[in-house]
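Undergrad: with the sequence up front, the predicted model follows.
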Amino acid sequence: MKLNAIHHVAIIVSDYQKSREFYVDKLGFTVIRENYRPDKDDWKLDLQIGEGDAMVELEIFGAKNPPKRVTRPEAAGLRHLAFRVDSVEQVKAELEAMDILCEPVRMDEFSNRKFTFFQDPDGLPLELHE
């Protein structure tokens, strides 16, 4: 078997408009598709980051009253979503200028690369990694 790449990551959000603004307007994802699904009474927003072979889609499902995350981030399931960046400090400063709090920058003990964490509007841990 040969898996070529990650095609998409899907998340469920509690406030569709707030999350759309966060991922599109603040983080700069490009909208591919945005559809209301009447049979499920929710929104599905397909976003893109990167291009060509480095492109990954983020699917956002705006559900009404989804159950809360069990713990942060040690529950079974998705621990966090990480974004590769050229400069953790630069992107951290840009996020903080938009009032998005970030943890202090740390060094990955195995890769010797800088990283930090921040959260989306639902508290999903997001990572910046050089």
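TA: Yep, that arrived.
Undergrad: now the element after the longest helix seen in the chain, going C-ward?
TA: Using DSSP state H, we find that the single longest helix of the chain is helix 88-97. Next along the chain after helix 88-97, taking DSSP states H and E as the criterion, comes strand 106-107.
Undergrad: other SSEs contacting that following strand?
TA: Judged by 3 or more CB pairs under 8 Å, 6 or more residues apart in numbering; DSSP states H and E, strand 106-107 is in contact with strand 114-119. Quick note: C-beta positions are derived from backbone N, CA and C, even for glycine.
Undergrad: now the strand it packs on against helix 88-97, angle please.
TA: 20 degrees (axes from the mean of the first three to the mean of the last three CA atoms, to 10 degrees).
Undergrad: on that earlier part again, so for the longest helix of the chain, mean pLDDT?
TA: The pLDDT scores in helix 88-97 average 97.
Undergrad: what's in contact with it?
TA: Helix 88-97 has contacts (CB atoms under 8 Å, 6 or more residues apart in numbering) with Lys26, Val85, Cys102, Val105, Lys114, Phe115, Thr116, Phe118, Leu128, His129, Glu130.
Undergrad: list the buried residues in that helix.
TA: Residues of helix 88-97 classed as buried by neighbour count (16 or more other CB atoms under 10 Å): Val88, Val91, Lys92, Glu94, Leu95.
Undergrad: where along the protein do the helices fall?
TA: All helices of the chain, identified by DSSP H, fall at 16-20, 88-97.
Undergrad: columns distance to Asp122 on top of these, output as CSV?
TA: Converted to CSV, these look like this (distance: least, CB to CB, whole Å):
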stretch, distance to Asp122
helix 16-20, 7
helix 88-97, 16
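Undergrad: do you know which of those helices lies nearest Lys64?
TA: helix 16-20 (9.2 Å; CB to CB).
Undergrad: sorry, back to before: just the C-alphas of the longest helix of the chain, formatted as CSV.
TA: Extracted in CSV, the C-alpha atoms of helix 88-97 (Å, rounded to 0.1, in the frame of the first residue of the first chain):
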residue,chain,number,x,y,z
VAL,A,88,7.4,30.6,14.4
GLU,A,89,8.2,34.0,16.0
GLN,A,90,6.9,36.0,13.0
VAL,A,91,3.6,34.1,12.7
LYS,A,92,3.2,34.1,16.5
ALA,A,93,3.5,37.9,16.4
GLU,A,94,1.0,38.2,13.6
LEU,A,95,-1.5,36.0,15.6
GLU,A,96,-1.0,38.0,18.8
ALA,A,97,-1.6,41.3,16.8
